[in-house]
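Colleague: structure of the sequence below:
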Amino acid sequence: MPMNVGPMDVYRLLPGDNCGECGTKTCMGFATELLERRGEVEDCPPMLEPENEKEKEELIELLTPPVRSVTIGTGENYSQIGGEEVIYRHEKTWFNPTAMILDVEDGMNTEELVERVQWITNYSRIKIGQELTFDGIAVRSKSGDPSTYKETIKIVNENTDYPIVLCSYNSKVLESGLEVLKDKNPLLYAANKDNWKDITDLAIEYDCPLTISATNIDNLVELSTRALARGVGENQIVLDPGTDPQDLRTTINKIIKLRRAAIEDEFEPLRFPLLGIPSTVWMTEENENEAAFMEATIACSLVGNSIDALILHSDEIWSLMPVTVLRQDLYQDPRNPASVEPELNEVGDPDEKSPILITTNFALTYYTVEGDCEGIDCYIYPIDTDGTSVTSAVAGDLMTSDKVVDAVENEKFAEKVNHNTIILPGDAAVLSGQIEVDSGWNVMVGPKDSSGIKDFLKDKWPPEEK
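Modeller: All right, here's what the predicted structure looks like:
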């Protein structure tokens, strides 16, 4: 979908009768929903009629992102990569977060293999209300033996429902894995100039995506063109341009060229997601920490330059967390800051004597306050400030005395507690007087930093009766 496509471009292909069957009152509203990826063309029943087939095909093509999307895996934990429309995230947004795929190999003993697969599958951390997890498991063929690889794939498949990447340049090895995963839509890695016919034939036979690997852009163009001509689907190709840890500048420049070719030029042979493999363990075999540090550094550089999937080797949390956190931050829509619902939340087991703390609904602010209140029984109300912090919200008139007063009344604070005191963050002290006048409630001004809440409450709560 070109950057300059607007609602009118979509609207002219819709029926225009405002029937409302799509769930939106008007066709213009539905056009906006489609542009924002909150709806599908199939949501419009009239578009499914035979007489609208031409317009439907035109509309689908118009809405197809320059970087085609590829699905890996099946079920609830499938991974969608690619599908991007812009080079720079501030232009609009990046939609499908980089898939973080951790590897195992067929040389591992069963106990070690099961332990690592289950750890990858069960890993979860919460940051500003969002769950951070991994997205898949890559199984490398170290043995080169199809029967050994097949047994490894069986064990992996029995212990995870995550998408699987089959890694080998040997088509016989890959086929042995496909025999186990024939209904699981694994990603094949990889087709190159030597084996591309065999690997593409496997992808076609088992109807699964494949990776095309070449360090030269011209070779990527040639191989992807051949794969498409042979019958591989447009949504079944991933490109691996090679990741050179010793020459990261060249790697990044290559990724940028590929992204520009896909998004700005819509050059068909390169309109596919990009895969990076920043593993450096082979470079520093005697120092695993150094290898993990280098891998994390390279992975973060790739994520920042819009790589669509990563195959990682390290299982050190300190190495993996920077990548997952950076990914979360970059794929947050810049037009809509991370926020929480403005509602009265309970922390611990509050009762009628517990304090009520006021903050903003910027997710990072709210969850920081909530975390600093661990061990305290209290209520927290995040004022709707369009997802901005306290200082910015007060300065920009997004956190106002009127909003606080409305919260006191609409959320029925008086029914929750038997006192009439609320606590404002220190940076909102300027609002306290007007809130007291308009609401009749007492206002305490708390610390500017939420890390001081516990000491503040220890010294100041309960408040002295006036």
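Colleague: pLDDT wise, what is Val405 at?
Modeller: For Val405, the pLDDT comes out at 96.
Colleague: what helix or strand is it on?
Modeller: Using DSSP states H and E, Val405 maps to helix 401-410.
Colleague: give the buried residues for that helix.
Modeller: Residues Ser401, Lys403, Val404, Val405, Asp406, Ala407, Val408 are the ones in helix 401-410 that count as buried (16 or more other C-beta atoms under 10 Å). For glycine as for every other residue, the C-beta is placed from the backbone atoms N, C-alpha and C.
Colleague: next SSE after that helix?
Modeller: Counting by DSSP H and E, the element after helix 401-410 in chain order, helix or strand, is helix 413-416.
Colleague: residue boundaries of the strands in the stretch 201-350 of the chain?
Modeller: Ranges of strands within the stretch 201-350 of the chain are 210-213, 237-240, 275-276, 309-312, 345-347, based on DSSP state E, counting those that start in this stretch.
Colleague: need those in a markdown table with mean pLDDT, can you?
Modeller: Output for the strands of the stretch 201-350 of the chain, formatted as a markdown table (pLDDT from 0 to 100):
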| stretch | mean pLDDT |
| --- | --- |
| strand 210-213 | 98 |
| strand 237-240 | 98 |
| strand 275-276 | 97 |
| strand 309-312 | 97 |
| strand 345-347 | 96 |
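Colleague: of all these, which lies closest to Asn361?
Modeller: For those, the distance to Asn361 is smallest for strand 345-347, at 10.7 Å, taking C-beta to C-beta.
Colleague: what packs against the closest one?
Modeller: Helices and strands touching strand 345-347, as assessed by 3 or more C-beta pairs under 8 Å, 6 or more residues apart in numbering; DSSP states H and E, comprise strand 378-383.
Colleague: got the contact list for the most centrally placed residue in the chain?
Modeller: The centroid of the chain falls nearest to Pro97 when counting by C-alpha atoms, centre = their mean (3.4 Å). By C-beta atoms under 8 Å, 6 or more residues apart in numbering, the residues touching Pro97 are Arg327, Gln328, Tyr331.
Colleague: now do Glu234
Modeller: By C-beta under 8 Å, 6+ apart, the contact set of Glu234 is Arg68, Leu228, Arg271.
Colleague: please list all residues in contact with the second one.
Modeller: By C-beta under 8 Å, 6+ apart, the contact set of Leu228 is Glu234, Ile237, Glu268, Pro269.
Colleague: ok, the first one to Arg259 distance?
Modeller: Noted for Glu234: a distance of 18 Å to Arg259, by C-beta to C-beta, to the nearest Å.
Colleague: just send the contacts of Glu234 back as CSV, with distance to Lys458 too.
Modeller: CSV is the format used below for the contacts of Glu234 (distance: C-beta to C-beta, whole Å):
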residue, distance to Lys458
Arg68, 58
Leu228, 67
Arg271, 60
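Colleague: Serialize the residues you listed to TSV and add fields for pLDDT.
Modeller: Formatted as TSV, the contacts of Glu234 follow (pLDDT from 0 to 100):
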residue	pLDDT
Arg68	95
Leu228	97
Arg271	97
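Colleague: gap between the residue nearest to the centre of the chain and Val139?
Modeller: Counting by C-beta to C-beta, the gap from Pro97 to Val139 is 22 Å.
Colleague: Cys27 too?
Modeller: 48 Å.
Colleague: ok, these two, which is more surrounded?
Modeller: Val139 (27 against 23; other C-beta atoms under 10 Å).
Colleague: so that one sits in a strand?
Modeller: Yes: counting by DSSP: H, G, I helix; E, B strand; the rest coil, Val139 is located in a strand.
Colleague: contacting residues around it?
Modeller: Contacts of Val139 (C-beta under 8 Å, 6+ apart): 103-106, 149, 152-153, 156, 164-167, 177.
Colleague: what's the answer for Phe272, then?
Modeller: Here Phe272 is in contact with Val67, Arg68, Val70, Gly82, Ser224, Ile237, Val238, Leu239, Ala262 (criterion: C-beta under 8 Å, 6+ apart).
Colleague: can you classify Met399 by secondary structure?
Modeller: Counting by three-state DSSP, the backbone at Met399 sits in coil.
Colleague: which stretch of helix or strand covers the residue nearest to it when sequence neighbours are not counted?
Modeller: Sequence neighbours aside, Ala393 is the residue nearest to Met399 in space, at 3.7 Å (criterion: C-beta to C-beta, 6 or more residues apart in numbering). Here Ala393 sits within helix 390-395, counting by DSSP H and E.
Colleague: just say helix, strand or coil for Lys25.
Modeller: Under three-state DSSP, Lys25 falls in the coil class.
Colleague: per-domain residue ranges of this protein.
Modeller: 7-63, 69-330, 345-460 (automatic domain parsing).
Colleague: distance between the ends of the last one?
Modeller: Between the opening and closing residues of domain 345-460 lies a distance of 21 Å (C-alpha to C-alpha, to the nearest Å).
Colleague: stretch 7-26 too?
Modeller: Where stretch 7-26 begins and where it ends lie 12 Å apart, using C-alpha to C-alpha.
Colleague: run the chain-centre distance for that stretch.
Modeller: Chain-centre distance of stretch 7-26: 30 Å, with C-alpha atoms, centre = their mean, to the nearest Å.
Colleague: show me where the stretch 51-200 of the chain has its helices.
Modeller: Here the stretch 51-200 of the chain has its helices, by DSSP state H, counting those that start in this stretch, at 53-63, 110-122, 146-158, 171-180, 196-206.
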